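> Quick one: sequence and predicted model below, then my questions.
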Amino acid sequence: MIEELNEEQRAAVLYNDGASLVIAGAGSGKTRVLTYKIAYLLEHGYHPWNILALTFTNKAAREMKERIARQVGNEQARRLWMGTFHSIFLHILHREAASIGFTSRFTVYDTSDSKSLIRSIIREMGLNDKQYKPASVQAHISNAKNRLLTPDRYASDRQAYEIDSRAGMGALRDIYQRYWMRCRQADAMDFDDLLIYTFLLFQQHPEVLERYRQQFQYILVDEYQDTNFAQHSIIMQLASEHQHICVVGDDAQSIYSFRGANIDNILSFTQVFGNAKTFKLEQNYRSTQAIVNAANSLIKKNSRQIPKEVFSKNAAGDTIEVLQAYSDMEEGLIVAGKIAELCRREHYTYADFAILYRTNAQSRIFEEALRKREITYRIYGGMSFYQRKEIKDVVAYFRLVVNPNDEEAFKRIINYPARGIGETTVNKIIAAANAANVSLWTVINAPDAYALTVNKGTLGKLQGFAGLIAGFAEGVFTKNAYEAGTDIIRRSGIMNDMLGHDPEDESRRENIEELVNGLSNFCSERLEEDNEHILLSDFLSGISLATDQDTDTDKTNTDKVTLMTVHAAKGLEFKNVFVVGMEESLFPSGMVGDSPRAMEEERRLFYVAITRAQEHCFLSYAKSRMRYGQMDFCTPSRFLHDIDPRFLNSPLSAPSQQRLFAAPSAAKPPYPSSSPTMQKPPYSSSSPTMSKQPAHSAPNSSAPAAAHASSAAFNMKVGQQVEHERFGIGEVIRIAGEGENTKATIRFKNAGEKQLLLRFARFK
C-alpha cells in the first residue's frame, strides 16, 4: 500500500526516529500521509492506545479513522486515541477529575450557557451590561484561558488590567474570578476549560503527566499552524521528553489568529524540537498548473514563511480571469452570468461552483443575482442573508409597522431591544387576545377592554412600545422604503445593542448596513423605472419571496452553488471558484491597518481562496460599492498586483489601469464595520450618515436632472452605447416620451433590459 505514495510522502511516513515536521502544501495529500503513517506505526509494534492523533474537526478525525480501518481493521482503528483536542482532553479530564477538584460527572457548558452565566454575574455585580456586554466579556475570558491565565494570574497582570481599564472594563478580572468559581460550584467546565484544566492537571500532578507520557508513545497533530498557545503547551508537556511527535500543516494556510492561532508554533517547531526533521509535500494533486503557479507567486510576497515550491502535474489549465464590474450589483450579475455560461458551455453542475467572499454581508448581492437567473444555491457555514437574526429582527419591525396585527413579528420585537417586558407579560397578552379573538396589538392598545392584568409600570412600557410602532406607522405610506426603513432602524434602538468591538457585533453591524444598502438599491432601481410609490410594503413583498425561496425543503437537491466566507472554505475544494470583492479595505480587510503581520495573514487568506479551485478560478472586483446606503468608489486590491501577471487574464494589465495600484495605503475606509463612522452607531439621532439620504433614492426629490445625468442624456439616440453607474455598459434600443418624462429602454450587457427615466439617469 505504501507504494501508492510519492517519494516525499513515503519518506514522511517511514521516518519515526524522532520529531518530524510535515509541511503539506495545498492539495498535497496530507490526510493520506497521516493515515498511512498511523497504519505503518500499528503494523510496526505500536498498540492503538499508544498513539495519540489530534485533529481540529470531528469530520477530519472520522475520515482518518475510516481510512485507517480499511487498512488495519475496525478493531485496531476503534482503539486509537484519535479526535479533536477538546474531545480527547475531555476524556482525560473525566478520568482525572478528582485531581483538579471536579467530579467525574462534571458537565460542559456550551457558548449560550457560558454567556447566560456571565450575564447573571454582570447583573449581580450591578454593572452596566451595555458596557460589559456578555459576548465581549466571554471573548476576553476565553482569550485569557487560551493564554493559560487563571483568574489569579489575570488579576495580577498589570498590562491586562490597564488594557481593560482603557476599554472601560476595569471589573473584568472580578467577573472572571466569579465566573471561574461559579463554574466550579456547578461542577461544570466551558470549552476553554478543557484546555486550561488539562494543562493545569499535567503541571500540578507530575505523576499524572508521566502516566500519559508513557501511554502516548507517539503523537500526531494535524493542522499545526492552527494551534493556540494552550494547545501547543500541552503538546510540549506530553512530547518534549520522548520527542516521538509528527506535526502536519501548512504555514501558508494559517488564517485563524482571531481565534488565538499562532503561526509561530509551526514556524519555530524545528527550533523547539532541535533534532526535528522536515518533510515538504509540494506536489498539488488538486489544481491546474496555472492556478498553482498563480498561488505560488502570490504567497512569495510574504516574508515570514517556510520556503517551498508547490507544483502540479495536472493539466496546464486556463489563466486566472479577473472580472471587472462597474458596481457591486453588476459584480453579482457578472458572476451569476459566468456560472450560467460555464454550465451551458462545459456542462458543469451548480455544485461545481463556489463563491467566496471576505465578509458574510457580501452574500446578499450574489443571492439576489443567482435568484434572478433561477440558479439554486446554499449558504455554507452560515445562513441566508435574510435569515440572520439581526436582519430578522429589523424586518420584524418593518412587518409590524406595515401590519400591526402580525403576531410573529410582535412577539419577536416586543422586548427587543430590552424594554422590561418579560415573558410572563407576553403570555398574558396572548391569553387575552385569544380569549377575545383579537390581535396582540389590539389588546395592548385597549388593555382595560380586554382585562389585561398587568401593573402600572408594565402598562407604561406597553404603551411606550405601542406609541413607538404607531409613530413609525404614520409615515410608512408616505415615505419611501429607504426613508421609512432607516428611520425605524435609527429610532428603534437596535444599533445601540451592537456597540461592542468583538467580531460578533462587527458582523451584525455589517449585515444591517448591507440591509440599508438593499433599501437604497431598491428605491434607486424603482425610481429610475418610473415607479411613483416605493414603499416599505413593496420592499417586504420582495424579500418575503426571497426568504421563501431560500428555504431548502428539498434535502435531496444537492446541485447548488456554494456561497461562503474564505475562512469557512479552508479544507474544501471546488471545480470552479469565484473570489469576489477584491478591493482595498475589503480584501485585504480595512481592519489590518499598518500591521505587516496582519497583512501577511490576509495574503494567506487569499492564498487559501485561490487554492480551493481545481479547474477554474475567477477574481472579481467592483469600481463602486454601496456603503451605508451611498455610492463609494473602490480601488482594486493590492493582492491582484501580487500575482505574477503571466498567470492572470486581467483588465488591470492595461497601462491605463496601472495607476490604480499606485498608493494602496491611501485606500478608502474599510467596508464597512471598521469605518471611522462606525465609532458611534450610524443610526443615532446625531448621525450625519442617516440624517440625509442619497438624492437618487427619494421619489419626491426636487433635485434637477443634471444632478444625476449630463444634459447629453436628453440627446440620446437609439443604438448609442451608454455606461451606467450601477448597471455597466448597455445599448439604447428604444426611447419614448418627452421632456422630463423621457424614458429609454437599454439592454445592458449583464443586467438585461431596463426602462429608465432619463431625468434620474446615472450614466454617460
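Right, received. Where do you want to start? As the structure is a prediction and not an experimental result, all values here were calculated from the model. Numbering: from 1, shown residues only.
> wait, L342 sits on K575?
No. The criterion here is CB atoms under 8 Å, and L342 misses it with K575 at 9.3 Å. Every residue, glycine included, has its C-beta placed from N, CA and C.
> hey, what's in contact with both of these two?
Shared contacts of L342 and K575 (CB atoms under 8 Å, 6 or more residues apart in numbering): Y348, F353, H616.
> by contact count, what packs against the helix or strand encompassing the last one?
Okay, so that is H616. Counting by DSSP states H and E, the element that carries H616 is strand 613-622. Judged by 3 or more CB pairs under 8 Å, 6 or more residues apart in numbering; DSSP states H and E, the packing partners of strand 613-622 are helix 289-299, strand 320-325, helix 328-346, strand 574-579.
> what sits against the closest residue to M329 other than its chain neighbours?
Leaving aside its sequence neighbours, M329 sits nearest to R726 (CB to CB, 6 or more residues apart in numbering; 5.3 Å). For R726, the contact set (CB under 8 Å, 6+ apart) comprises Y326, S327, M329, E330, N521, S524, E525, S624, A751, R762.
> least confident pick among those residues?
Ranked by pLDDT, the contacts of R726 bottom out at R762 (72).
> Could you tell me how many residues sit around it?
Neighbour count for R762, taken as other CB atoms under 10 Å: 18.
> Does it touch G728 like I think?
No. Applying CB under 8 Å, one finds R762 not in contact with G728, separated by 11.7 Å.
> And the spatially most central residue of the chain, how close does it get to D226?
The chain has N360 as the residue nearest its centroid, 4.6 Å off, counting by CA atoms, centre = their mean. Separation of N360 from D226 (CB to CB, to the nearest Å) stands at 21 Å.
> quick one on the thing from earlier: model confidence over the strand holding H616, on average?
Strand 613-622 carries an average pLDDT of 97.
> Which neighbours in the sheet does that strand have, and how are they oriented?
Its sheet considered, strand 613-622 pairs with strand 320-325 (parallel), strand 574-579 (parallel) by DSSP bridges.
> quick one: buried residues of the helix or strand just after the last one?
Same thing as strand 574-579. Scanning forward in sequence from strand 574-579 by DSSP H and E, the next helix or strand is helix 596-610. By neighbour count on 16 or more other CB atoms under 10 Å, the buried set for helix 596-610 is 598-610.
> Need those in TSV (columns: distance to V561 and pLDDT).
Output for the buried residues of helix 596-610, formatted as TSV (distance: CB to CB, whole Å; pLDDT from 0 to 100):
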residue	distance to V561	pLDDT
A598	31	95
M599	30	96
E600	31	96
E601	27	96
E602	25	97
R603	26	97
R604	25	96
L605	21	97
F606	21	98
Y607	23	97
V608	19	97
A609	16	97
I610	18	98
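> Helix or strand: which one has the closest residue in space to E600 that isn't next to it in sequence?
Closest residue to E600 apart from its sequence neighbours, by CB to CB, 6+ apart: N302 at 4.7 Å. Using DSSP H and E, no element contains N302; it sits outside every helix and strand.
> next one: phi and psi at N302?
Dihedral pair for N302: phi -80, psi 140, per degrees, to the nearest 10.
> was I right about it contacting R603?
Yes. Using CB under 8 Å, N302 is in contact with R603, at 5.6 Å.
> ok so, going back, which residues are in contact with the residue nearest to the centre of the chain?
Residues near N360 by CB under 8 Å, 6+ apart: G382, R388, S507, E510, N511, T565.
> ok, now how distant is it from E514?
N360 sits 9 Å away from E514, going by CB to CB.
> lowest-confidence helix or strand of this structure?
Here the helix or strand of the chain ranked lowest by mean pLDDT, DSSP states H and E is helix 688-691, holding a mean of 36.
> What helix or strand is E66 located in?
With DSSP H and E as criterion, E66 is part of helix 58-72.
> on contacts alone, who are the packing partners of that helix?
By 3+ CB pairs under 8 Å, 6+ apart, helix 58-72 packs against helix 30-43, strand 51-55, helix 74-78, strand 81-84.
> give me that answer again for 10 Å
Under the contact definition 3 or more CB pairs under 10 Å, 6 or more residues apart in numbering; DSSP states H and E, helix 58-72 sits against helix 30-43, strand 51-55, helix 74-78, strand 81-84, helix 85-96.
> Go ahead and produce PDB holding the CA coordinates of the strand holding H616.
Written as PDB, here are the backbone C-alpha positions of strand 613-622 (Å, rounded to 0.1, in the frame of the first residue of the first chain):
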ATOM      1  CA  ALA A 613     -10.100  25.800  -7.100                       C
ATOM      2  CA  GLN A 614      -9.400  22.700  -9.200                       C
ATOM      3  CA  GLU A 615     -10.100  23.800 -12.800                       C
ATOM      4  CA  HIS A 616     -11.100  27.500 -13.000                       C
ATOM      5  CA  CYS A 617     -10.500  30.400 -10.700                       C
ATOM      6  CA  PHE A 618     -12.100  33.900 -11.100                       C
ATOM      7  CA  LEU A 619     -11.300  37.000  -9.200                       C
ATOM      8  CA  SER A 620     -13.700  39.900  -9.300                       C
ATOM      9  CA  TYR A 621     -13.900  43.500  -8.100                       C
ATOM     10  CA  ALA A 622     -16.200  46.400  -8.400                       C
END
